[in-house]
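Novice: Below is the sequence, then the predicted model.
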Amino acid sequence: DDYNLLKLHSYEIELNSLSTLLKTLEYHGTATTEQGLTELEMRREATDLIAFYLRIMLWLYNCGLLPEVYKQPDEDDGDLLYPKASLSQTYDEWRRELSSFNPLVIGPTDILTIDGIVCNLKDSVSALWKERDGNGLYPPPSIHALINIYLLKTIPLTLKHQIMLYFLLDIALHLAEKRPDIAEKIKLFPSSFALKQNLTKLVEGLWGIDHKLFDFGVKSLLFPGVRSALVHDSNNIGDQLEQRIITSLLYQDRHYDALRLVSTCNFVEINSPEKEKLYISILLRNRQLLKAFRFARLSRSENSAEELLMHFYLACEQMDLMSKVFKLPLDNIEEEALIFYLLNFSTSPNSKHLLTLYFLLTNRIIEAYRLRESYQEELADITDDNLFQMTLQLSAIIDSYLSILPKSLMFIANEVNAVETNKIKNAIKGQTESIKVVPSLISDTHVVAPSDVILKMMEEMEDVWHESKPNKDKVTLPSTNFQQKYVTFL
């Protein structure tokens, strides 16, 4: 009633006065003991929390959202000012839809930006909502459970405002046609509590991305100052929100908007391997292969070469860009990683055929022939007609090349391969086995061994074969759990 409402306003004024008095004592008074100063600070903080809680509650009352009306058994949820059941169902459906894009990598709460805020505060907000018969996720179980976050000391006021404003945007959308008067009052929340415009635009952008209003969301996120609102977040959830925004756009085929955010205002700061992979994904989804290739080359280091290159090749394979990758000027590290990826970790049924094609394009006929021989036995198991025809075509090309190669060259190539193989085996064993030569006593004629002829020819052709020798800088081969780590390129 009006009497109790008047008392609440009176309490608000008294609490604000008390807070001012305690703050003055804290900064200008003379503390007798350290304990006394600590107790004074705690009292001032508790007074501020209660005063702001009361202020929020009175504002919601003036908007018409309080007192809260709960759903009756025979009542439609949509008729309520806060349709908790239908709103929860909507968010659960969005979580299932987003996680279905890649269930091995994406969890139910890994994409929505509001989940990034609430789940990061699981020890406070989520725990509080669970105590109020909620599931710990957004939306809150009730409006009272929502405003109770203003009594939590461990959460900055800006984050509390973000969650509240996000909720009010949902309510305003719900009441836009049924109760436009309340919807208009709700829109005054930022000005009523002196929220900065960049913070308001940030929340509107996050809300728009989650609700698939991409044009509205991206336009809000491109507002000047939004980037600084993320960077200066005191709970360090800015990086998570950046990654959730870009990932959400990529999975929902809004890769152009993701590129706009990254390129226009440096919305995502590329300061970690995960951010580097994300940026490569954005470029490849926008078919900017050459730019992604250059970025991967410049960004890789001794520790990140494996992860970055494997992510690059996986993304190219999923975007059907492998044939264009073969035309890039790969260095020794990139080429070795490509061969290793196609032989060991590619899930494509034609990975060996692609590698054979790469050998042919780089004029390595003998290596293409050996690879063809290695999967010759698999021809009988090929059920796809296109793959079978590809195999026949590659075999015909290889046979045509081999038909014009001198037999001596094939012989030398096989000998070189045998010598290199023996060197590797000896290096693994850590010892070399001496070759015993038993001289012939039948004749004094000097006999030249075939191996000497081969070695002499190899020395004369050293410049020719020098390019095929392995480079000293080897890329570290991926670990055996690669397929768990790189299920998808997002």
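Specialist: That came in fine, so what should we check first?

Novice: quick one: contacts of stretch 314-329?
Specialist: 280-281, 284-285, 287, 289-290, 292-293, 313, 334, 338, 341, 346, 348, 354, 357-358, 361-362, 486, 488-489 (C-beta atoms under 8 Å, 6 or more residues apart in numbering). C-beta coordinates here come from the backbone N, C-alpha and C atoms, glycine included.

Novice: Is there a quick PyMOL command that grabs whichever of these are buried?
Specialist: To isolate the buried ones among the contacts of stretch 314-329 in PyMOL, judged by 16 or more other C-beta atoms under 10 Å, type:
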select buried, resi 280+281+284+285+289+292+293+313+334+338+341+346+354+357+358+486+489
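
Novice: Please put the alpha-carbon coordinates of the stretch of helix or strand residue 355 belongs to into CSV.
Specialist: Assessed by DSSP states H and E, residue 355 sits inside helix 351-361. The C-alpha trace of helix 351-361 is given here as CSV (Å, rounded to 0.1, in the frame of the first residue of the first chain):
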residue,chain,number,x,y,z
SER,A,351,43.2,-38.0,-48.2
LYS,A,352,45.8,-40.3,-49.7
HIS,A,353,44.5,-39.4,-53.2
LEU,A,354,44.9,-35.8,-52.3
LEU,A,355,48.5,-36.4,-51.2
THR,A,356,49.2,-38.3,-54.4
LEU,A,357,47.9,-35.3,-56.4
TYR,A,358,50.1,-33.0,-54.4
PHE,A,359,53.2,-35.1,-55.2
LEU,A,360,52.2,-35.0,-58.9
LEU,A,361,51.7,-31.2,-58.8
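
Novice: State the number of residues packed around the nearest residue to residue 120 once chain neighbours are set aside.
Specialist: Setting aside the residues directly before and after it, residue 120 is nearest to residue 237 in space (C-beta to C-beta, 6 or more residues apart in numbering), at 4.6 Å. A total of 19 residues lie near residue 237 under the criterion other C-beta atoms under 10 Å.

Novice: Would you mind measuring from residue 237 to residue 119?
Specialist: Here residue 237 is placed at a distance of 9 Å from residue 119 (C-beta to C-beta, to the nearest Å).

Novice: Does the residue nearest to residue 120 touch residue 122 like I think?
Specialist: No: assessed by C-beta atoms under 8 Å, residue 237 is found out of contact with residue 122, at 11.7 Å.

Novice: pLDDT on the longest helix seen in the chain, on average?
Specialist: Determined from DSSP state H, the single longest helix within the chain is helix 34-63. If you average the pLDDT over helix 34-63, you get 92.

Novice: go on, stretch 174-184?
Specialist: Mean pLDDT, computed over stretch 174-184, is 93.

Novice: buried sites along that stretch?
Specialist: Residues of stretch 174-184 classed as buried under the neighbour-count rule (16+ other C-beta under 10 Å) are 174-175, 179, 182-183.

Novice: ditto for stretch 194-203
Specialist: For stretch 194-203, the neighbour count (16+ other C-beta under 10 Å) marks 195, 199-203 as buried.
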